[in-house]
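> Next come a sequence and a model predicted from it.
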Amino acid sequence: MDKKEWDLRRDLCEVAHRLYLAGFMAGSDGNLSTILDENEILITPSRLSKGYLEPDQIVKIDRQGLQISGDLPPSVESPMHLMAYQERPDVCSVVHCHPPFLVAFTVAGCELPSGILPEIETIFGGELPLVPYATPGGPELAESIRPYISKRTVTVILLDHHGVLAVGQDIYQAGMKVEHAEAAGKVIYYARQLGGEKPLSPGSLEKIYAVRQNIIELEEKVYPGYCHAPECDTKSLTIARQPVATTNSSISDQDLETEILEIIKKYQLARK
């Protein structure tokens, strides 16, 4: 096993441990995967607690879902991961787990509202689509996500009565998307206990959309450098300040710089 594969296995375990400790993967819930090369994918095993996962327990499958190596069976949700990679050649990693607040929203038949939290707008572009219910663990669920995950602006989808699926250019990025989405769900829930959420003003949203474009461009560059998604250019890994999108907003360069530095800081802290 070469260093690249070992690093990917180790990082899958690291993010799995963090999500388990956060309460997003009770028991043997949840599964994570990442692309190893053009035809091989590393994925967590089935029926094993992700809180105690070790790198040598990670399973290797091909793009058709056939097991290449590993002593344990691959996750039963492998078809959903493979569907995400098929529809999104711009991503390298997938996380599926069950954050309680987000699952509660889907069980209640509720979607997270847009235009309320800056985080939902800047990180997700106001898009956290809810996928209609499908039986977990098979092709029905995999097929149900297709029209939602295929949209390039979507990085997290809510699975009705089931959990969430997040994609990213590496497993850390995908894991952080889950954390951001669950935090937003928690805030909205508490706000409703206090009388209901209040929308952001149109002027505030205009400024947020300007920041959003810079975050998108930044996220394309802030990752470890081993993303092997077909569309990723691993030769261009420097963090570069991109031109600000044309807008009528009065947001200043200093405000944009602050937002970008905050994103970098959060990413670096997540890697420690």
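Alright, I've got the coordinates. Numbering: from 1, shown residues only.

> Extract the residue ranges of the stretch 1-150 of the chain that are flagged as low pLDDT.
Within the stretch 1-150 of the chain, no stretch has pLDDT under 70.

> And the helices in it, which stretches?
3-21, 78-87, 100-107, 118-124, 139-149 (DSSP state H, counting those that start in this stretch).

> Name the residues of the last one that are buried.
Meaning helix 139-149. Going by neighbour count (16 or more other C-beta atoms under 10 Å), the buried part of helix 139-149 is 141-142, 144-145, 148-149. (C-beta placed from N, C-alpha, C; glycine too.)

> just checking, what packs against the following helix or strand past that helix?
Sequence order places strand 156-159 as the next helix or strand after helix 139-149, per DSSP states H and E. Counting contacts by 3 or more C-beta pairs under 8 Å, 6 or more residues apart in numbering; DSSP states H and E, strand 156-159 packs against helix 100-107, strand 130-131, helix 139-149, strand 163-168, helix 171-193.

> pLDDT averaged over strand 156-159, what's the number?
In this model, strand 156-159 carries a mean pLDDT of 98.

> repeat for stretch 182-202
95.

> which parts of it are buried?
Buried, per 16+ other C-beta under 10 Å, within stretch 182-202: 182-185, 187-189, 197, 200.

> try stretch 6-13
In stretch 6-13, counting by 16+ other C-beta under 10 Å, buried: 8-9, 11-13.

> before we move on, the earlier item: distance to residue 73 added to the helices and strands packed on strand 156-159, as CSV?
Converted to CSV, these look like this (distance: least, C-beta to C-beta, whole Å):
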stretch, distance to residue 73
helix 100-107, 25
strand 130-131, 25
helix 139-149, 17
strand 163-168, 20
helix 171-193, 21
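
> wait, which of these is closest to residue 55?
helix 171-193 (12.6 Å; C-beta to C-beta).

> could you give the angle of the closest one to strand 163-168?
140 degrees (axes from the mean of the first three to the mean of the last three C-alpha atoms, to 10 degrees).

> Quick check: what element follows helix 171-193 along the chain?
Next element after helix 171-193 (DSSP H and E): helix 202-219.

> Kind regards, and thank you for your time.
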